[in-house]
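**Q** Structure, please.
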Amino acid sequence: MAVALDDGWQVRGCLGDEWRWHLDKPWDAPGWLPARVPGSVLDDLERAGEVPPLYRGRNSRLAEWVPERAWVYRRRVEGPGRVRFEGVDHAATVFVDGEELARHEGAFTPFEVELPPGEATLAVVVHAAPESEPQVGFTARVRVHKSRMGYGWDFCPRLVHQGIWRPVVLDPEPERVVNARLVDGVGVVEVDGEEALRVEEPELWWPNGMGAQRLYPVEAGGRELLVGFRTVELDGYALVVNGVRTPIKGWNWVPVDALYGVPRRGKVEHLLGLAAASGANLVRVWGGGLIETAEFHEACDRLGLLVWQEFSQSSSGIDSTPSDDPAFVELMAAEARAIVPRLARHPSLAVWCGGNELAGDDSTPVLAALRTVVRELDPGRAWLPTSPLGEDDQHGPWEHQGLDAHHAHWDGRTSLLHSEFGVEGMTNRRALEAVVPEEARWPADRSNPVYEHLGAWWNNAPLVQACFGGRLADVDALRRASQWLQYEGLRYAVEATLRRGAGAIPWQLNESYPNAWCTASVDHRGDPKPAYWGVARAFRGAPAARFATPAWGGRGEVRAETDGPARLLDLHGRVVAESDGGELVVPLQQIAGDVFLLDVDGSRYVMTTAATLEPLLDLPGAHLSVERSPSNSLLLGNVGSVCALGLVLEDARPYDAPGWVTFSDNVLDLLPGETREIRVDGPAGPLRVEGWNAAASL
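**A** Sure, this is the predicted structure:
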């Protein structure tokens, strides 16, 4: 019977080959620390107090020495038996009582060793991390198949991962290769090439929003696995699922944490649940991260999220051409041969891709080799050599273009798919307070070394200040304003992309490290930022509008093209103008006051008659009524005479409180006399409501 070897481990670090002196040291020898398996070396060291809290201030810089060392893991075992390592990051040598049993290299490929009879000490030397390239470098120098994000990226400081990051199992059941497919309308499942299940007229598996996710159990090697039957094709970068064409509405996914070896299954399922709740039908697993785990793919199977899985290769800031070294090409092909069969059973898996933003195509040696393996071992799956690939699939920009240029930019795009683009913004209140020491929170621009460390690429404080008249005088005001620009900017970018019939995959859903500024729509803790709700409105099909700017000063008239019936409303909710759809044109002088709303069949945009959004800082106060029912729903009402704008609901529990509070809707604009009921799920606790001109705690 399989036994998980997930407790009783110790770890110690060594320079050079010093580890050889510690393989047979007594169990109570000094210098050993408690370790978790699966886990990460850096996590073990932080828990032992050997490095400071890595997710606060600039502390991560104090741990950059760690990957230069080898780390010896050890525990006692009882043989005989077979030990299966599902994943060691990155190179390892395995010993029993000081005798070498195996050497292995590759974080994504499992390996096994045979234990001799009797009690023994199992030691795993995780060698110093291999050389690789940070974000700005040369892709051709990369000769390993390992997540590059931890070597230093725009959303992750240098935290090079090491450790036994996947389970270790004694006497595991033999691993089986499972494939499920439709053959002339019949569902057929093969295990190791032999038919194991046949389903006449099976219920089909559908992506989120198109139907149910029917899964069938199949026995394979002593385990019950779930499979589904569907067909998926790419047709001009649109999805054709079970013969039905649908646009891609996706999210870019990065590793759930920089220390990705620490199990976080609940967080993975929570984040993927947010993706599904937004109306998405796909997640793109970015090539600078991981070949994602079985748990990730199983969650996507249940949620109806198609997976675009990239091999762990990515662009570099100077040159993005992969190495053509024959040894590297052979390594990547061998890795693919181990990876592809393990994931092929998942109905959610839709696309294999050679990597992110590579300078190459199917004639590039390593991409040609990967394509050959995919075609051989998973012939029914779509393949792309890289993304983007030509004019039909584009990446960028990832920045707000400014009040006068942002909408024009997005209305002028022409690609069939936009598989990576974003808008930057500050993190949420609780996350900011947890990550940035109080004395370092202001100024919140790049002149502050802490903010320079925590997301400098995405710190657009000068633009935010310019958009609000230079009047943002504290961190809360800057946070609210930057998140508003991210919310409206990303919402419009997605709406414009979908409006022209193209697929949209915003960058990015989650973040691997808790930055102060980032393009993520969900903070590192797992709480959505306002931007998430902007994308959700677009993905869920809320009526939308096309217009030049939210700040109309100097233009003479407001002009918008709308999907449905539209109204311009003043700050008191009074109708200034309306139309049945199409074009709505209103002279600016006809609008009383500095702030007004464009309402498209209930979907609202906040606008000003000024050249900036500064009037949002001077709104008269609105008055809210807030009721919380025993079933934990909220009834929000505007009992005042002016609109309550930009209301954001927040979980007000401590940052480290367990679990996640989710809302059925968020970022609300309430007209005078209007009420909204919001479903609240998750742990009960204090909540906060805050907008441009109203706030409440409950």
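**Q** in this protein, which helix has the most residues?
**A** helix 475-499 (DSSP state H).
**Q** Following element in sequence after that helix, please.
**A** As assigned by DSSP states H and E, the chain's next helix or strand after helix 475-499 is strand 503-506.
**Q** Name the strands paired with the helix or strand just after that next one and say parallel or antiparallel.
**A** Next in sequence after strand 503-506, counting helices and strands by DSSP H and E, comes strand 517-518. Using DSSP bridges, the strands paired with strand 517-518 are strand 425-426 (antiparallel).
**Q** what's the following helix or strand after the strand it pairs with?
**A** helix 429-435.
**Q** List the buried residues in that following helix.
**A** Within helix 429-435, the residues that count as buried by 16 or more other C-beta atoms under 10 Å are 429-432, 434-435. Placement of C-beta: from N, CA and C, glycine included.
**Q** And the strands in the stretch 201-350 of the chain?
**A** 216-220, 223-227, 232-235, 238-241, 244-246, 250-253, 282-285, 306-310, 349-353 (DSSP state E, counting those that start in this stretch).
**Q** Switch the ones you listed over to TSV; also include distance to residue 476, mean neighbour count and mean pLDDT.
**A** Output for the strands of the stretch 201-350 of the chain, formatted as TSV (distance: least, C-beta to C-beta, whole Å; neighbours: other C-beta atoms under 10 Å; pLDDT from 0 to 100):
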stretch	distance to residue 476	mean neighbour count	mean pLDDT
strand 216-220	51	17	95
strand 223-227	46	17	95
strand 232-235	45	15	93
strand 238-241	42	19	94
strand 244-246	41	13	95
strand 250-253	28	27	98
strand 282-285	32	27	98
strand 306-310	37	25	98
strand 349-353	41	24	98
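**Q** Mind checking these for the one nearest to residue 62?
**A** strand 250-253 (28.9 Å; C-beta to C-beta).
**Q** So which elements touch the closest one?
**A** Other elements packing on strand 250-253 under the criterion 3 or more C-beta pairs under 8 Å, 6 or more residues apart in numbering; DSSP states H and E are strand 282-285, strand 417-421, strand 503-506.
**Q** that older thread, which of the buried residues of helix 429-435 lies closest to residue 230?
**A** After measuring the buried residues of helix 429-435 against residue 230 - C-beta to C-beta - the closest member comes out as residue 431, at 37.6 Å.
**Q** Contacts only, for the closest one.
**A** 514, 523-525, 527, 655 (C-beta atoms under 8 Å, 6 or more residues apart in numbering).
**Q** For beta bridges, what are the partners of the closest residue to residue 508 other than its chain neighbours?
**A** Nearest residue to residue 508 in three dimensions, chain neighbours excluded: residue 252, at 4.4 Å (C-beta to C-beta, 6 or more residues apart in numbering). Under the criterion DSSP bridges, residue 252 forms beta bridges with residue 284.
**Q** so what's residue 70 up against?
**A** 13-16, 18-19, 125-128.
**Q** I'd like to know how far it sits from residue 560.
**A** Using C-beta to C-beta, to the nearest Å, we find residue 70 at a distance of 62 Å from residue 560.
**Q** can you give me the helices for the chain?
**A** Along the chain, counting by DSSP H, helices occupy 41-47, 265-277, 294-303, 326-343, 365-377, 406-411, 429-435, 449-453, 461-467, 475-499, 530-539.
**Q** okay but residue 471 is in contact with residue 618, surely?
**A** No - look at residue 471 against residue 618 with C-beta atoms under 8 Å: they stay out of range, at 9.1 Å.
**Q** picking up where we left off before, determine which two of the buried residues of helix 429-435 are furthest apart.
**A** Farthest pair in the buried residues of helix 429-435, by C-beta to C-beta: 429 and 435, 11.2 Å.
**Q** can you pull the contacts of the spatially closest residue to residue 651 that is not a sequence neighbour?
**A** In this structure, residue 651 finds its nearest non-sequential neighbour in residue 661, 3.9 Å apart by C-beta to C-beta, 6+ apart. Residue 661 is in contact with 527, 651, 653, 680-683, 685, 687, counting by C-beta under 8 Å, 6+ apart.
**Q** redo that, cut-off 10 Å
**A** 527, 632, 649-653, 680-687 (C-beta atoms under 10 Å, 6 or more residues apart in numbering).
**Q** Just the ones in strands from the residues you listed, please.
**A** 649-651, 680-681, 687 (DSSP state E).
**Q** Dump those residues into CSV; add distance to residue 580 as well.
**A** Output for the ones in strands among the contacts of residue 661, formatted as CSV (distance: C-beta to C-beta, whole Å):
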residue, distance to residue 580
649, 33
650, 37
651, 40
680, 36
681, 37
687, 39
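**Q** What is the nearest of those to residue 510?
**A** Closest to residue 510, out of all of the ones in strands among the contacts of residue 661 and judged by C-beta to C-beta, is residue 651, at 16.8 Å.
**Q** From residue 169, how far out is the closest one?
**A** 37 Å.
**Q** Between those two, which has more neighbouring residues?
**A** residue 651 (24 against 20; other C-beta atoms under 10 Å).
**Q** in the stretch 1-150 of the chain, which spans are strands?
**A** With DSSP E, counting those that start in this stretch as the criterion, the stretch 1-150 of the chain has strands spanning 3-4, 9-14, 33-35, 70-85, 88-89, 91-96, 99-105, 111-126.
**Q** Name the stretch among those that sits most buried.
**A** strand 88-89 (a mean of 28; mean count of other C-beta atoms under 10 Å).
**Q** Give the partner strands of that one in its sheet and their orientations.
**A** Using DSSP bridges, the strands paired with strand 88-89 are strand 163-164 (antiparallel).
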